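In: Have a look at this prediction, sequence included:
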Amino acid sequence: MKNFLVKTIANAGALAVAVWLLDKITLTGDSTFKKIWTLLLVALVFGIVNFLVKPIVKVLTFPLFILTLGLITLVVNALMLMLTSWLADKLDLSFHVEGFWTAVLGGLIISVVSWALNVVLPEGD
């Protein structure tokens, strides 16, 4: 359970960096508390999408992983971010990613920041 919490916090931090760096990834709220709460909920949705959907997509696109030497990972990460944005809209969370190329860049930022935070944050069971 602690590991799940650490990964969710790392995802929230990575999403916050992407929102901060990219104008076309937006997170709105009335107060700082509401923005943080929304960010944590979006990080939870993002984690669930990556846990449930991403492995299926990776298996289905395995030949493309080989053909592109793994560069298709950028597209898969962008699609996961766009799916998270769509689900956030359906769940009435104020998080939006505007456009595919923004999602590609956002997915790259989120991957790098999330990796760095997972290195720094404690690993637990």
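Out: All right, it came through fine. Numbers count the residues shown, from 1 in each chain.

In: And the lowest-mean-pLDDT helix or strand in the chain, what's buried?
Out: Ranking every helix and strand in the chain by mean pLDDT, DSSP states H and E puts helix 2-21 at the bottom, with a mean of 89. Within helix 2-21, the residues that count as buried by 16 or more other C-beta atoms under 10 Å are 6-8, 10-19. For every residue, glycine as well, the C-beta is placed using N, CA and C.

In: Tell me which stretches of this protein form strands.
Out: 25-27, 95-97 (DSSP state E).

In: quick one, what contacts Val19?
Out: For Val19, the contacting residues are Ile25, Thr26, Leu27, Leu39, by C-beta atoms under 8 Å, 6 or more residues apart in numbering.

In: Could you measure from it over to Pro55?
Out: Val19 sits 26 Å away from Pro55 when distances are taken as C-beta to C-beta, to the nearest Å.

In: I'd say Ser111 and Asn77 touch.
Out: Yes - using C-beta atoms under 8 Å, Ser111 is in contact with Asn77, at 6.0 Å.

In: quick one: which of the two has more around it?
Out: Each of Ser111 and Asn77 has its neighbours counted (other C-beta atoms under 10 Å); Asn77 has more, 20 against 16.

In: what's the pLDDT at the more buried one?
Out: For Asn77, the pLDDT comes out at 93.

In: pLDDT of stretch 81-91, averaged?
Out: For stretch 81-91, mean pLDDT rounds to 95.

In: I meant stretch 37-52, not that one.
Out: Stretch 37-52 comes out at a mean pLDDT of 94.

In: Please tabulate the strands of the chain in JSON lines, including the columns distance to Gly47, mean neighbour count and mean pLDDT.
Out: Below are the strands of the chain laid out as JSON lines (distance: least, C-beta to C-beta, whole Å; neighbours: other C-beta atoms under 10 Å; pLDDT from 0 to 100):
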{"stretch": "strand 25-27", "distance to Gly47": "16", "mean neighbour count": "19", "mean pLDDT": "94"}
{"stretch": "strand 95-97", "distance to Gly47": "14", "mean neighbour count": "22", "mean pLDDT": "95"}
